[in-house]
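A.B. asks: here are the coordinates; sequence isn't available:
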Ligand SMILES: O=C(CO)COP(=O)(O)O
Ligand SMILES: O=C[C@H](O)COP(=O)(O)O
Ligand SMILES: [Zn+2]
Ligand SMILES: [Zn+2]
């Protein structure tokens, strides 16, 4: 089984009204935990690499680890560049064996975002690689509660249609109130589902992507805080909101923070309870297991993609 693009995964997800999980990977234990979960759940899988992960672990190491995961699991896996910030990094990943890239031109004015995205799409499609772009900027904690700022940062539905038509992009990340990291909402969690429904109605059959979609599981936050950490006031996107998003054309849901929290909580607990231990395999094994169990839970109960591999 080779690496695959997300094309077929998204087609099936759109039809079945569920979402494929896109999990950020940085090292071997994270990859193994996620892939073991996908194998047990027989779920479709996207592994994504940020520029920071690529710098931390190196392209070649991540590439070989993911190739090993494909061979070891027998799963079809899509390898995706997360938040590519320029043409060069997208090109490097396309040339270096990734099957999907994101060009994140969301910080540029509309026309510049279109031009940059189009350039990446032309290069990628020529090599059989698919492209995700971003329109609208993810709200930070301030933006989500500041209604007057809302339209400035959230994705405009008319622009989304024009953007997709003019760039030929394969999927689009939209801003409807989610944000990156562990502190997504100050008060009641709220996403702009009206906007999502409108975008989805205006782009029938087209896969949308939700970034900043970790649920920030309270058990891991509590575990971090109990064993010497300081992760106070963390709050994520409620599970039922993500399930609902899957019914409105959201085919890809990005998860990084939940992996970090699961792994950190597990390591903190182990080292706290075993202060004289320094064999890293002793604390990385339960950390990998924590990731696996968390990802299985997501696939079953949040993404609804178990059994859809
Ligand atoms: O969107 C993400 C990666 O692109 C991850 O979002 P979280 O911080 O909510 O996990
Ligand atoms: O969207 C951001 C992801 O969580 C990746 O984060 P990172 O750039 O720290 O690797
Ligand atoms: Zn972005
Ligand atoms: Zn993101």
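C.D. replies: Sure thing, it's come through. For clarity, every value in this text was computed on a predicted model and none was experimentally measured. Ligands and ions are numbered 1, 2, ... in the order given.

A.B. asks: for the rest of this, base every contact and every neighbour count on C-alpha atoms.
C.D. replies: Will do.

A.B. asks: near ligand 1, which residues of the stretch 1-150 of the chain? Just list them.
C.D. replies: Contact residues (C-alpha under 6 Å from any ligand atom) of the stretch 1-150 of the chain with ligand 1: residue 82.

A.B. asks: give me the spatial nearest neighbour of the closest residue to ligand 1 within the stretch 1-150 of the chain, chain neighbours excluded.
C.D. replies: Here the stretch 1-150 of the chain gets closest to ligand 1 at one residue, residue 82, 5.6 Å apart by C-alpha to the nearest ligand atom. Computed as C-alpha to C-alpha, 6 or more residues apart in numbering, the closest residue to residue 82 that is not its neighbour in sequence is residue 50, at 4.7 Å.

A.B. asks: check contacts around the one you found.
C.D. replies: Shown in contact with residue 50 (C-alpha atoms under 8 Å, 6 or more residues apart in numbering): 24, 81, 82, 83, 84.

A.B. asks: assumed the residue of the stretch 1-150 of the chain closest to ligand 1 was part of a strand.
C.D. replies: Yes. The assignment for residue 82 by DSSP: H, G, I helix; E, B strand; the rest coil puts it in a strand.

A.B. asks: what distance do you get for it to residue 25?
C.D. replies: Look at residue 82 and residue 25: by C-alpha to C-alpha, to the nearest Å, they are 10 Å apart.

A.B. asks: swap in residue 133?
C.D. replies: 20 Å.

A.B. asks: which of those two has more residues huddled nearby?
C.D. replies: residue 133 (30 against 24; other C-alpha atoms under 10 Å).

A.B. asks: partner strands of the host helix or strand of that one, parallel or antiparallel?
C.D. replies: Secondary structure assigned from DSSP states H and E places residue 133 in strand 130-135. Strand 130-135 pairs in its sheet with strand 100-103 (parallel), strand 171-174 (parallel), by DSSP bridges.

A.B. asks: pLDDT on it, on average?
C.D. replies: Mean pLDDT, computed over strand 130-135, is 98.

A.B. asks: returning to what we had before: does the residue of the stretch 1-150 of the chain closest to ligand 1 touch residue 99 like I think?
C.D. replies: No. Taking contacts as C-alpha atoms under 8 Å, residue 82 lies outside contact range of residue 99: 12.0 Å.

A.B. asks: any chance of TSV for the contacts of residue 50, columns pLDDT and neighbour count?
C.D. replies: Formatted as TSV, the contacts of residue 50 follow (pLDDT from 0 to 100; neighbours: other C-alpha atoms under 10 Å):
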residue	pLDDT	neighbour count
24	98	25
81	98	25
82	97	25
83	95	22
84	97	22
